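Q: Sequence and predicted model, in that order:
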Amino acid sequence: MFPALNLLLLALVVYTDFRYRRVPQVWTAAALLVGLVTALRSPAPVAHLAVGLAVFLYGLATWQRARESGQVFGGGDVWVLTYLGLVFGIEVLLIILGGYTLAVLSTWLRRQPLRQAVVPLAGFLAVAAAVALLAPAFSLAGLSTALVNASV
């Protein structure tokens, strides 16, 4: 709904998470407000809200597991996931896959053991989301259209 505002919010996440390994709470409040408005104005508001809640619960469970195992998964990661779920709805699954893939690749390229790496996951998720906003061909709709056209 608000592509320029969403891109600005994503750029702030990329900058702060890559630079400081933090997602400021000011960003969280603004992003959740924008995410809620975007979800409510989407063609399927109930679906976007449901996906936002599901991704929030997934993030909380992951955060708890990370705390128990000594790994790093911060509250900012949870809020970024929630924001993305509200904004993108079910397409957030591709964004999560893309963000996690970028995080693993960056760790692999730096030759760090994955369990010991401190990865700016929120930043990688934001990069994947920005790509989805800027290149709709990488959305679920775009990929399904490409698959249908390729099979015809």
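A: Now that the structure is in, tell me what you want to look at.

Q: Counting neighbours, what do you get for Glu91?
A: 21 (other Cβ atoms under 10 Å). No exception for glycine: its C-beta is placed from N, CA and C like everyone else's.

Q: Look at it and report its pLDDT.
A: With respect to pLDDT, Glu91 scores 91.

Q: Equivalent analysis for Val152, please.
A: 60.

Q: for Thr107, same thing?
A: On the pLDDT scale, Thr107 gets 88.

Q: I'd guessed it sits against Val118; true?
A: No. Contact between Thr107 and Val118 fails when scored by Cβ atoms under 8 Å: they sit 9.4 Å apart.

Q: neighbour count winner among the two?
A: Between Thr107 and Val118, counted using other Cβ under 10 Å, the more crowded position is Thr107 (17 against 10).

Q: Mind telling me what element the most centrally placed residue in the chain is part of?
A: With distances taken as Cα atoms, centre = their mean, Leu125 lies nearest the centre of the chain, 3.9 Å away. Following DSSP states H and E, one finds Leu125 within helix 121-134.

Q: buried ones in the longest helix along the chain?
A: Criterion DSSP state H: the longest helix present in the chain is helix 45-69. Buried residues in helix 45-69, counted by 16 or more other Cβ atoms under 10 Å: 48-49, 51-52, 55-56, 59, 62-63.

Q: What helices and strands are in contact with it?
A: Counting contacts by 3 or more Cβ pairs under 8 Å, 6 or more residues apart in numbering; DSSP states H and E, helix 45-69 is packed against helix 25-41, helix 75-88, helix 92-109.

Q: Can you tell me which of those helices is packed in deepest?
A: Most buried of those by mean neighbour count (mean count of other Cβ atoms under 10 Å) is helix 75-88; its value is a mean of 26.
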